[in-house]
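Student: quick one, structure for this:
(one chain, ligands or ions: 2)
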Amino acid sequence: MLSKSQARLFFWVGTIMFSGVFLWLTVDTIAKVPDQTHEKNMTAAVIRGKHIFDKNNCMGCHTIMGEGAYYAPELTKTYERRGEAWLKVFLPDPEAMYPNARRMVKYKFSEQDISDLIAFFKWVGEMDLNGFPADPPLKQSTTAPNTTANTAGTSASASSTLVAAPAVYGQLCSACHQIGGSGGSVGPALDTVGQKYEQAWFKDWLKDPQAIRPGTTMPKLPLSDSDIDALATYLAAQQ
Ligand code: HEC
Ligand code: HEC
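Tutor: Residues are numbered from 1 along each chain as shown. Ligands and ions are numbered 1, 2, ... in the order given. You can find the predicted model right below:
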């Protein structure tokens, strides 16, 4: 049994020691924040992007670092997941990206606003969050399959897959489509799509999906003629 004075001593020593540890951990954590957030990369554009995010109450539907509402996707890793080219197409007109299907608001953003938001998302995505968000699905990346690498080594077996994916495929298409098991699953996998359609069909489809299949949920994307040519060649080769 402790005597009264021993108990008092025990109480004070314990309280003071653990308060000290708590304070030290707090100071230590705060001191690490600038490094973890890469504060030096916080440019004026990042700050403007953050204000746009706050002013429009994007948190009303989205979360960043788990903070916010759970209606729409977590955005901490959206830059990594989608990439700049995709975000540039999506943000000015979200509904055009998901025709008939989705609920993201269309804002009247200027080009400057869009690039500020993208700078903000890039910065947020680069924070050291001790592993948050966990791997799939929130941090799933949808980069393009490297088809040339897959077939390197196998001799030219007349295999179609020797056509490399054009860069635009990885920037815009793989967010929704899979080839070789990598990519999103909003649209169908395109592994054997070349058996279904001819090159000319792909061109018409990419120019205006609605014209070919009214009511389709494939978006009309801002593609240049040379993008369309390269994509049609690539798709026709997916046998
Ligand atoms: C009314 C709810 C709502 C609000 C408010 C909203 N969003 Fe969204 N957002 C969505 C939904 C739903 C999606 C999923 C795609 C879709 O359905 O259009 C989405 C998708 C996104 C994506 C793509 C995420 C990904 O990785 O695929 C980004 C980026 C985004 N929103 C940014 C914003 C920004 C920036 C704002 C504020 C200016 C905002 N959102 C406000 C509902 C909302
Ligand atoms: C936002 C999601 C989304 C993006 C981005 C997208 N697609 Fe699609 N795609 C779809 C959906 C959904 C369908 C199915 C449409 C339907 O059945 O009406 C589709 C259908 C297709 C088809 C027809 C497949 C078939 O078997 O009939 C092709 C080919 C295609 N997409 C190619 C592309 C290419 C190339 C790109 C990039 C330039 C792209 N898609 C970008 C969602 C998307």
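Student: which stretches of the protein form strands?
Tutor: Along the chain, the segments classed as strands by DSSP state E run 63-64, 67-68, 178-179, 182-183.
Student: could you dump these into JSON lines and include mean neighbour count and mean pLDDT?
Tutor: Every C-beta, even on glycine, is put in place using the N, C-alpha and C of the backbone. Shown next, in JSON lines, are the strands of the chain (neighbours: other CB atoms under 10 Å; pLDDT from 0 to 100):
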{"stretch": "strand 63-64", "mean neighbour count": "20", "mean pLDDT": "94"}
{"stretch": "strand 67-68", "mean neighbour count": "14", "mean pLDDT": "92"}
{"stretch": "strand 178-179", "mean neighbour count": "20", "mean pLDDT": "92"}
{"stretch": "strand 182-183", "mean neighbour count": "20", "mean pLDDT": "86"}
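Student: any part of stretch 182-194 near ligand 1?
Tutor: No. Stretch 182-194 does not reach ligand 1 (CB under 6 Å from any ligand atom); its nearest approach is 8.7 Å.
Student: for that stretch, measure first residue to last.
Tutor: With CA to CA, to the nearest Å as the measure, stretch 182-194 spans 18 Å from end to end.
Student: quick one: contacts for the residue lying closest to Trp201 once chain neighbours are set aside?
Tutor: Excluding its sequence neighbours, the residue lying closest to Trp201 (CB to CB, 6 or more residues apart in numbering) is Ile212, at 7.9 Å. For Ile212, the contact set (CB atoms under 8 Å, 6 or more residues apart in numbering) comprises 201, 204-205.
Student: any of these buried? List them.
Tutor: Trp205 (16 or more other CB atoms under 10 Å).
Student: gap between Asp93 and Tyr70?
Tutor: Plainly put, Asp93 is 24 Å away from Tyr70 if you go by CB to CB, to the nearest Å.
Student: so those two - more neighbours on which side?
Tutor: Shown here are Asp93 and Tyr70; by other CB atoms under 10 Å, Asp93 has more neighbours (14 against 10).
Student: you'd agree Thr217 is up against Glu95?
Tutor: No. Between Thr217 and Glu95 there is no contact under CB atoms under 8 Å: 11.0 Å.
Student: kindly list the longest helix within this protein.
Tutor: What stands out as the longest helix in the chain, according to DSSP state H, is helix 4-36.
Student: average pLDDT for that helix?
Tutor: Helix 4-36 shows an average pLDDT of 95 in the prediction.
Student: by contact count, what packs against it?
Tutor: On a contact count with 3 or more CB pairs under 8 Å, 6 or more residues apart in numbering; DSSP states H and E, helix 4-36 meets no helix or strand.
Student: how distant is that helix from the center of its chain?
Tutor: 40 Å (CA atoms, centre = their mean, to the nearest Å).
Student: stretch 174-193 too?
Tutor: 16 Å.
Student: does it reach ligand 2?
Tutor: Yes. Against ligand 2, stretch 174-193 shows contacts by CB under 6 Å from any ligand atom at 175-177, 186-188, 190, 193.
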